[in-house]
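Undergrad: A predicted structure for the sequence below; I have some questions about it.
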Amino acid sequence: MRIPAFLIPALLLLVSVAAEAHAQALKPFKDELFAYPGILSSEAGGNYLVVDYNEARDIDRRDQVPERRARSVYVSTSVRKAQKDLSLNTDAGKIRHFAVGRTEGARMITVYLHGQGGSRKQGVDDFTFGGNFNRIKNLMAANGGLYLSPDFSDFGDKGAAEVAALISYYAGRSPGAKVFVACGSMGGMLCWRLASDRSLAGQLSGLLLLGSLWDEGFLGSAAFKGRVPVFFGQGSRDTVFPVEKQEAFYRAILARAPGYPARFVRFETGTHGTPIRMTDWRDTLNWMLAARP
C-alpha cells in the first residue's frame, strides 16, 4: 500500500517520538527476580493492577534473614563503587545525602525520600526490603543516571526546601535530565509539597508514592496542571494509610482529569512496607518515561 505524501511527515514524527521513548527506556537488571509475581486483576488499560503478594514467598524465600538481609542473588554490590556519601551547602542549609551514579551529565535522576524514623542510609541499604534499593541503584548507575537518598530536617516546609535545593542543584548539573521523586510512607508529605512548588514542578517527570498518603491539594498543584505522572503502590492491609483512601484519591485524579498518567498497584495482603519491597522500579520508571518522552 502506498502512503499518501501528506501523511509522511506525521508518520516520521511518530516514529521519531517512539524511538526517543525507546532510547530513554531503562535496560533490564534482574527483571526475572523483581517483576511482579502475578497479576490478579487489571483495570484502566493496565494502570490499575492487583498484584499477588505472599509473605512466605516474597519475604521468607527471598531473604536470607527475613526483613533484614536479602539473598545474594537479588543483590549486586559492585555498584558501591559508584556511591558517595556527600554534604551539600545550599541556601536551605547543609544537606547530607548519598549519590550513586553520575553527579553530572546524568540522563535521569531518581530521588528517594524516607519516612518517619528513617535516614539517608535507608535508601542505599543493599540488603533490606528484599534488595529493592540495590536494584534502583544499579538501574541508575547502569543507565547513565543518578540516584539520591538524602537526609532532611522534617516533613514540612523546611524539609521540602532542602529537598528542592538538592534537586535543583543536581538538575542544574544535568540539564535535560528526567527527575523522579519516590516517597516512602510519611515522605509522601514532601512529594506533595514539591508538586506544589511552582519553581520545581516543571522539572519533575514523575512522583512515586510508596505506602504513603494522599493530598487533595495536589489537584490544584503545578505538577497536576503539568500532568506529571503519579504512581501509587499500596498494601491492601496497610494499617497506617488505608488502601481504600489512597485508591479513592487515585480515582479522584482520573475523575478530575480523564486520561491523566496515574497508575495504582495494589499488593494484595501486603502491609505498610510492602510497596518499598515489591514495586518494580524499572517497569514504573519506563512507564513514566513513555508518558513524558
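TA: Nice, thanks for sending it over.
Undergrad: From now on I want contacts and neighbour counts done on CA atoms only, so please keep to that.
TA: OK.
Undergrad: so residue 126, which of the three states?
TA: Using DSSP: H, G, I helix; E, B strand; the rest coil, the structure places residue 126 in coil.
Undergrad: can you map out the strands along this protein?
TA: 39-43, 48-52, 63-65, 69-70, 83-90, 93-101, 108-113, 146-150, 178-184, 204-210, 230-235, 262-268 (DSSP state E).
Undergrad: I'd like those laid out as a markdown table, including mean pLDDT and distance to residue 166.
TA: Output for the strands of the chain, formatted as a markdown table (pLDDT from 0 to 100; distance: least, Cα to Cα, whole Å):
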| stretch | mean pLDDT | distance to residue 166 |
| --- | --- | --- |
| strand 39-43 | 96 | 37 |
| strand 48-52 | 98 | 32 |
| strand 63-65 | 98 | 33 |
| strand 69-70 | 98 | 30 |
| strand 83-90 | 98 | 8 |
| strand 93-101 | 98 | 7 |
| strand 108-113 | 98 | 10 |
| strand 146-150 | 99 | 8 |
| strand 178-184 | 98 | 12 |
| strand 204-210 | 98 | 13 |
| strand 230-235 | 98 | 21 |
| strand 262-268 | 98 | 26 |
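Undergrad: and those strands as JSON lines, adding distance to residue 31 and mean neighbour count?
TA: As requested, the strands of the chain are exported to JSON lines (distance: least, Cα to Cα, whole Å; neighbours: other Cα atoms under 10 Å):
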{"stretch": "strand 39-43", "distance to residue 31": "16", "mean neighbour count": "13"}
{"stretch": "strand 48-52", "distance to residue 31": "16", "mean neighbour count": "20"}
{"stretch": "strand 63-65", "distance to residue 31": "17", "mean neighbour count": "17"}
{"stretch": "strand 69-70", "distance to residue 31": "16", "mean neighbour count": "21"}
{"stretch": "strand 83-90", "distance to residue 31": "22", "mean neighbour count": "14"}
{"stretch": "strand 93-101", "distance to residue 31": "20", "mean neighbour count": "20"}
{"stretch": "strand 108-113", "distance to residue 31": "19", "mean neighbour count": "24"}
{"stretch": "strand 146-150", "distance to residue 31": "19", "mean neighbour count": "27"}
{"stretch": "strand 178-184", "distance to residue 31": "20", "mean neighbour count": "24"}
{"stretch": "strand 204-210", "distance to residue 31": "19", "mean neighbour count": "26"}
{"stretch": "strand 230-235", "distance to residue 31": "18", "mean neighbour count": "27"}
{"stretch": "strand 262-268", "distance to residue 31": "17", "mean neighbour count": "23"}
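Undergrad: Appreciated, that's everything.
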